[in-house]
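J.: Please find the sequence and the predicted model below.
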Amino acid sequence: NRVALMRKVLFDLPIIREMLMIMGAKRVNRANVRRLLEAGHNIAIQPGGIYEQLRTDPNQEKAYFPPKLGFIRQAIRAGVPMLPAYLFGENQIFQVSDTGRSFGQWLHKNVGVPILAATGYLGIPGFPKPTKIHIRCGRPVEVGPKCANPSDERVQKIFKDYTQALRELFDRYKNECLPPGVAAKGLQIILREPRRKHRRNTASETNGNVSRQKPSKL
């Protein structure tokens, strides 16, 4: 059985909530993840979440990961392998400007609504451009035996293997599934820094290896 886990805020939106319930989706939280894995379900999680959504860039593929890598810790606690997957073409559905990204992030921070200001077909806001979407899966990433409290070293080691598998997957299908200019730029994998009070994060990114976001002074 497969179950999709979504952020709570999506279940607060009319129509979208009903669609998610029909699909059998559930709120993503530690308790649901643990319960579903222990029951033998396969679950799908987007580690980048809303943070990544609000930083959508149709000209550069980026994968963001949370600082504590909770999805890996949950896999270790359950002793289940992870299967990297990538949704090619998703970022090209809409055109998003720097101003649109900044506004979406401001709106989410101050109002709590994760809406990205974007234009689509014929420049119409919210109307998607005709785009082919491709879902591709990579090789399984083993996590080893169950462990209720995995060490940071073990989590980082598995994360390194996971991102390598993700990059292998991306490189295998990028030319087939992405516009040539986007494929040529490769995939930027970004591990977010923990939040710091009175600071904001800006991306320090590199092609090839996993990079961390560096906090900068306001």
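T.: It's in. Because the structure is a prediction, the values reported are computed rather than measured.
J.: wait, what's in contact with the residue nearest to the spatial centre of the chain?
T.: Closest residue to the average C-alpha location of the chain: residue 48 at 2.6 Å, with CA atoms, centre = their mean. Counting by CB atoms under 8 Å, 6 or more residues apart in numbering, residue 48 touches 63-65. The C-beta positions use only the backbone N, C-alpha and C, and glycine is treated the same way.
J.: On the pLDDT front, check it for me.
T.: pLDDT for residue 48: 90.
J.: cool, residue 204 as well?
T.: The model reports residue 204 with a pLDDT of 41.
J.: List the buried residues in stretch 15-27.
T.: 20, 25-26 (16 or more other CB atoms under 10 Å).
J.: Go through those residues and flag which are in strands.
T.: The strands, defined by DSSP state E, take in residue 26 from these.
J.: before we move on, the earlier item: and which of the contacts of residue 48 is nearest residue 177?
T.: residue 63 (14.9 Å; CB to CB).
J.: Show me which helix runs longest in the chain.
T.: helix 152-177 (DSSP state H).
J.: average model confidence for it?
T.: So the average pLDDT for helix 152-177 ends up being 97.
J.: Which strands or helices does that helix pack on?
T.: Using 3 or more CB pairs under 8 Å, 6 or more residues apart in numbering; DSSP states H and E as the contact criterion, the elements in contact with helix 152-177 are strand 61-65, helix 70-78, strand 85-88, strand 134-137, helix 180-185, strand 187-191.
J.: Is it possible to get CSV of these that adds distance to residue 101?
T.: Putting the helices and strands packed on helix 152-177 into CSV (distance: least, CB to CB, whole Å) gives the following:
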stretch, distance to residue 101
strand 61-65, 12
helix 70-78, 24
strand 85-88, 19
strand 134-137, 24
helix 180-185, 17
strand 187-191, 15
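J.: Among the ones you listed, single out whichever gets nearest to residue 13.
T.: strand 85-88 (20.7 Å).
J.: Run through who's touching the helix or strand that that closest one is followed by.
T.: Next along the chain after strand 85-88, taking DSSP states H and E as the criterion, comes helix 98-111. Helix 98-111 has contacts (CB under 8 Å, 6+ apart) with 50, 54-57, 113-118.
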